[in-house]
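> this one's sequence-less:
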């Protein structure tokens, strides 16, 4: 799956979609990543902003990676 995310909400949406598609529950994700289920749930509801170290642990647990790619700025 390749998904381009431009906002934090896009990133969290992609992570949540990948988690659900793989059949991993929030409790299982907690066991795999060490990040609490309430923390991840808070990301998806917008109640919490993800911290990078936690997000990277969740991505690793789900077999996902971040790719940083330069994109030209839109001309004004």
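Received it, and whenever you're ready, just let me know what you need. Everything numeric in this text was worked out from a predicted model, so none of it was measured. Numbering: from 1, shown residues only.
> Residue 40: helix or strand, and which one exactly?
helix 37-45 (DSSP states H and E).
> which parts of stretch 19-36 are buried?
19, 24, 26, 29-30, 33, 35 (16 or more other CB atoms under 10 Å). The C-beta positions use only the backbone N, C-alpha and C, and glycine is treated the same way.
> In helices, which of the residues you listed fall?
Taking DSSP state H, the ones among these that sit in helices are 19, 26, 29-30, 33.
> Might you report the residue contacts of the residue nearest to the spatial centre of the chain?
Closest to where the C-alpha atoms of the chain average out (CA atoms, centre = their mean) is residue 15, at 3.5 Å. Taking CB atoms under 8 Å, 6 or more residues apart in numbering, we find residue 15 in contact with 43, 55, 58-59, 62, 64.
> Whichever strand or helix holds it to helix 37-45, inter-axis angle?
In this structure, residue 15 sits in helix 8-21 according to DSSP H and E. Helix 8-21 and helix 37-45 are oriented at 120 degrees to each other (axes from the mean of the first three to the mean of the last three CA atoms, to 10 degrees).
> Need the mean per-residue confidence for helix 8-21.
Throughout helix 8-21, pLDDT has a mean value of 93.
> mind listing what's buried in that helix?
For helix 8-21, by 16+ other CB under 10 Å, it's 11-12, 14-16, 18-19.
> Great, nothing more from me.
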